[in-house]
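Trainee: Turn this into a model:
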Amino acid sequence: MPRSLRIIIAAGALVASAVLVWLAWLQPYLAEEDVLKLGQGEYSLMGTDGQPFTQASLQGAPSVVFFGFTHCPEVCPTTLGDIAVWQEELGDVARDLRIFFVTVDPARDTAELLGDYVGWLPGAIGVTGDEAEIRAAEKAFRIYSRKIPLSDGEYTMDHSALVLLFDENGHFFEPIGYQEDLDRALSKLRRLLG
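Mentor: Reported below is the predicted structural model:
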């Protein structure tokens, strides 16, 4: 099977899995009290800006948090591209919006690699750490990820594809779905930033 076809199949499976995880796992458990706790927990990661990333990092300004990985064939680069479009559309309104790209693949995603990966996106900070801390952060944000072996000995990652919005107090605001309609995504961001 050609490599490009394997990548397309893996990307399709990734998106389908993310939707199923949201419908079957995350959404039913997000009672109001759980929503308020999203992002809260005992995890300590490091940002490509040299600053620690903990639950306290979500306070002080509105934030966008997305979990992904640098070897992602479609979902992650597409989502980062969407965030760039949102920034452009919102203009100065989004100048204080912080963007955190947290890896689900710490074995490959070093701070240097993450810095290169998100460096083109204004204000974006890559976040990594050791395996245990990444898993603790995934638990705090209710993110799903799983390593998927490929036939050539390599692997990809299946993971949640939601962009999570947090207000300036570090409270979860609402999610933006993968490839969500631009007007709807901008409406959510305007409410967050308003």
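Trainee: At the geometric centre of the protein, which residue do we find?
Mentor: residue 66 (1.2 Å; Cα atoms, centre = their mean).
Trainee: how about that residue, what does it touch?
Mentor: 76, 79, 80, 83, 99, 100, 101, 102, 162, 163, 164 (Cβ atoms under 8 Å, 6 or more residues apart in numbering). Using the backbone N, CA and C atoms, a C-beta is placed for each residue, glycine as well.
Trainee: Now intersect those residues with the strands, please.
Mentor: 99, 100, 101, 102, 163, 164 (DSSP state E).
Trainee: does residue 46 count as helix, strand or coil?
Mentor: Following DSSP: H, G, I helix; E, B strand; the rest coil, we place residue 46 in the strand state.
Trainee: What segments of this protein are strands?
Mentor: Going by DSSP E, the chain shows strands at 45-47, 52-53, 63-68, 98-103, 124-128, 145-149, 155-159, 163-166, 172-176.
Trainee: mean confidence for the first one?
Mentor: Predicted confidence along strand 45-47 averages 98 (mean pLDDT).
Trainee: can you offset everything so residue one is 48?
Mentor: Right, with 48 as the first residue, what we last looked at is strand 92-94.
Trainee: hmm, who's touching it?
Mentor: So strand 92-94 is contacted by 99-101, 104, 147, 149, 158, 172-176, 180-181, 184 (Cβ under 8 Å, 6+ apart).
Trainee: if we can go back for a sec, now a ChimeraX select for only the buried ones of the ones in strands among the contacts of residue 113.
Mentor: A single ChimeraX command suffices to select whichever of these are buried according to 16 or more other Cβ atoms under 10 Å:
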select :146,147,148,149,210,211
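Trainee: Could you tell me how far the residue nearest to residue 150 when sequence neighbours are not counted is located from residue 175?
Mentor: What sits nearest to residue 150 in space, not counting adjacent residues and going by Cβ to Cβ, 6 or more residues apart in numbering, is residue 156, at 3.8 Å. Residue 156 sits 5 Å away from residue 175, going by Cβ to Cβ, to the nearest Å.
Trainee: Spit out the residues that contact those two alike.
Mentor: residue 150.
Trainee: and the contacts of strand 92-94, which are buried?
Mentor: 100-101, 104, 147, 149, 158, 172-176, 180-181, 184.
Trainee: Please convert those residues to a markdown table, extending it with pLDDT and distance to residue 89.
Mentor: Listed next are these as a markdown table, based on pLDDT from 0 to 100; distance: Cβ to Cβ, whole Å:
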| residue | pLDDT | distance to residue 89 |
| --- | --- | --- |
| 100 | 98 | 13 |
| 101 | 97 | 9 |
| 104 | 97 | 14 |
| 147 | 98 | 17 |
| 149 | 98 | 15 |
| 158 | 96 | 21 |
| 172 | 98 | 20 |
| 173 | 98 | 21 |
| 174 | 98 | 16 |
| 175 | 98 | 17 |
| 176 | 97 | 12 |
| 180 | 97 | 9 |
| 181 | 97 | 13 |
| 184 | 97 | 10 |
